[in-house]
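below is the structure, and that's it, no one-letter string:
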């Protein structure tokens, strides 16, 4: 009888110990304790170089916040730190991701953590994306799908940040750019499984030269504006007043920070407030 009671007591002790261990947060590289998936809002950053980032990083860009996390090149969640992107052969620069997340955190509950997922690859065209072409060593749609799987396992995908069009700003591409981009957005949403997922589209810089190239950039921006007007849950972010880094192509650091803030404000005003 005594032996029987000892066995029961030992078994309950082991069970209690296992229960305790299963509920104990496991230390993570992203620097925090366990957070419910619905409280981790994830945004996928897509497009080409101005989303991947070409700005010069300064001390203010290196400050971290444990409520802003990202995926590293090994698929591990870590505390986010610029540069977020890692697909560039010569290394990416400052993008708009951290700025976007910082602005969101000012306007959402303290219980929310933001996940910024890098998917943009410099020089990629909308056709590269739509056809899942390999560009600079990355199969674009396959990589996007992989990041979607990792994101869903971690939290809740809340939106897509898109900035692209420079590679398609030419006479041969402009006539089919709209239909191609809408088809790509449909593909994004299908892979995520959310037909109403908001997609935030940034305008191309208004600083292109020469005049002919500037005209093509303007045509792409008009197409983006048309998509925002005609397609549900697509929103346009203005590039008015944003400067370049000296090449009349890539946003400078101040512009990237402001662009991120504009993406966030648009998300808050056009989408999030509708849900409240």
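Ah, there it is. Because the structure is a prediction, the values reported are computed rather than measured.

which parts of stretch 233-240 are buried?
233-237, 239 (16 or more other CB atoms under 10 Å). No exception for glycine: its C-beta is placed from N, CA and C like everyone else's.

what ranges do the strands span in the chain?
40-47, 68-71, 77-79, 113-118, 134-135, 138-139, 156-163, 199-202, 234-237 (DSSP state E).

possible to save those as a markdown table with distance to residue 223 and mean pLDDT?
Shown next, in a markdown table, are the strands of the chain (distance: least, CB to CB, whole Å; pLDDT from 0 to 100):
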| stretch | distance to residue 223 | mean pLDDT |
| --- | --- | --- |
| strand 40-47 | 14 | 98 |
| strand 68-71 | 30 | 98 |
| strand 77-79 | 35 | 97 |
| strand 113-118 | 25 | 98 |
| strand 134-135 | 21 | 96 |
| strand 138-139 | 25 | 98 |
| strand 156-163 | 13 | 98 |
| strand 199-202 | 10 | 98 |
| strand 234-237 | 10 | 98 |
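
so can I have JSON lines of those showing distance to residue 146?
Formatted as JSON lines, the strands of the chain follow (distance: least, CB to CB, whole Å):
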{"stretch": "strand 40-47", "distance to residue 146": "11"}
{"stretch": "strand 68-71", "distance to residue 146": "10"}
{"stretch": "strand 77-79", "distance to residue 146": "14"}
{"stretch": "strand 113-118", "distance to residue 146": "10"}
{"stretch": "strand 134-135", "distance to residue 146": "14"}
{"stretch": "strand 138-139", "distance to residue 146": "9"}
{"stretch": "strand 156-163", "distance to residue 146": "13"}
{"stretch": "strand 199-202", "distance to residue 146": "19"}
{"stretch": "strand 234-237", "distance to residue 146": "24"}
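
now do the contacts for the closest residue to residue 73 other than its chain neighbours.
The shortest distance from residue 73 to any non-neighbouring residue, by CB to CB, 6 or more residues apart in numbering, is to residue 86 (4.6 Å). Residues near residue 86 by CB atoms under 8 Å, 6 or more residues apart in numbering: 72-73, 92, 118.
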